[in-house]
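Colleague: sharing a sequence plus its predicted fold:
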Amino acid sequence: MTTLQYQLMDFFVVNFSMNLSVNSAYSVVQFTFFSDTVLKDLKAFLTEQLGYDIFTSRNKINNLRKLHSTVDDYEITKKETMKKVGSREVNVKSAVIKAKDASALISRRLERLSDSNQLRFKSEDDPVVIRYGGDKGGSQTKLCIMFGSIDHPNNPHSLLLVGMYKGSDDSKSLQEYMGSVFEQINEISTPRKAMRSLVLSSLLPSAL
């Protein structure tokens with residue numbers, strides 16, 4: 001064998017791995033919405049079927065989950081409503097989720113997009129474009145921020161959740177449950193650490 005062939009063999013032996021890195025394993029778990037129980041069962045299945053586990057330890061993955069968790073960024077309260085089930089009125093409990101500081105969430109997302117070179121501008125003077133709007137899916141109404149200065153602004157994975165509740169998406173309900181979020185959004189100016197001006201527009205009725 002030639003020297004080059006030996007060098008190539010050494011390279012693949014050193015760099016090839018049957019295991020995902022901690023960051024890669026965390027990305028897979030987040031993308032697939034695996035719970036810790038599902039991950040535990042999957043790791044056991046892979047070990048049984050393949051003889052090895054491609055994932056790193058659950059403890060390391062959970063540590064990354066805690067590091068990147070946004071649960072402290074939201075205020076979560078319970079609301080009770082009466083729902084008719086057959087001929088009976090039943091008390092139903094559900095959660096109302098609201099961003100504590102929408103401006104901080106937007107700033108953090110823009111910083112991450114900038115750090116990963118995902119922001120797109122046609123010129124140096126182009127502003128950062130963001131829009132806010134609502135989405136009614138099933139019984140849940142969600143209020144999200146859409147970032148326009150990226151390649152795929154309509155991608156659901158690119159949206160930033162700032163509010164969610166179970167109920168109608170009419171103006172009265174939006175004001176009742178998301179009033180404080182609208183106040184925060186209306187006060188947003190240029191995000192902290194941003195080097196460009198910001199253009200904010202709404203996809204919701206102007207009455208809100």
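Modeller: Structure received.

Colleague: where are the low-confidence patches of the protein?
Modeller: Residue ranges of the chain with pLDDT under 70: 1-17, 68-71, 189-208.

Colleague: mind listing the strands for it?
Modeller: 74-85, 88-99, 128-137, 140-147, 160-166, 198-202 (DSSP state E).

Colleague: partners of the second one in the sheet?
Modeller: Right, the one you point to is strand 88-99. When pairing is defined by DSSP bridges, strand 88-99 lines up against strand 74-85 (antiparallel), strand 160-166 (antiparallel).

Colleague: how's this protein carved up into domains?
Modeller: Under the assignment automatic domain parsing, the domains of the chain span 3-68, 97-202.

Colleague: what residue is smack in the middle of this structure?
Modeller: When C-alpha atoms, centre = their mean is applied to the chain, the residue found nearest the centroid is L160 (6.0 Å).

Colleague: returning to what we had before: most tightly surrounded among the domains of the chain?
Modeller: domain 97-202 (a mean of 16; mean count of other C-beta atoms under 10 Å). From N, CA and C alone the C-beta is placed, and that goes for glycine too.

Colleague: from the chain's centre, how far out does it sit?
Modeller: Domain 97-202 sits 12 Å away from the centroid of its parent chain (C-alpha atoms, centre = their mean, to the nearest Å).

Colleague: where along the protein do the helices fall?
Modeller: Shown for the chain, the helices assigned by DSSP state H span residues 3-15, 22-32, 36-50, 58-68, 102-115, 171-186.

Colleague: leaving out sequence neighbours, find the closest residue to C144.
Modeller: Leaving aside its chain neighbours, C144 sits nearest to L159 (4.3 Å; criterion: C-beta to C-beta, 6 or more residues apart in numbering).

Colleague: ok, the one you found - contacts?
Modeller: 144-146 (C-beta atoms under 8 Å, 6 or more residues apart in numbering).

Colleague: what's it sitting at in phi/psi?
Modeller: L159 adopts backbone torsions of phi -80, psi 150, taken as degrees, to the nearest 10.

Colleague: any chance of the strands paired with strand 88-99 in JSON lines, plus distance to D126?
Modeller: Compiled in JSON lines, the strands paired with strand 88-99 are given as follows (distance: least, C-beta to C-beta, whole Å):
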{"stretch": "strand 74-85", "distance to D126": "31"}
{"stretch": "strand 160-166", "distance to D126": "20"}
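
Colleague: and these: which comes nearest D53?
Modeller: Checking the strands paired with strand 88-99 against D53 by C-beta to C-beta gives strand 160-166 as the closest, at 32.4 Å.

Colleague: next, the angle from the closest one to strand 140-147.
Modeller: 170 degrees (axes from the mean of the first three to the mean of the last three C-alpha atoms, to 10 degrees).

Colleague: report the inter-axis angle for strand 160-166 versus helix 102-115.
Modeller: Strand 160-166 and helix 102-115 meet at an angle of 140 degrees, taking the same axes, to 10 degrees as the criterion.
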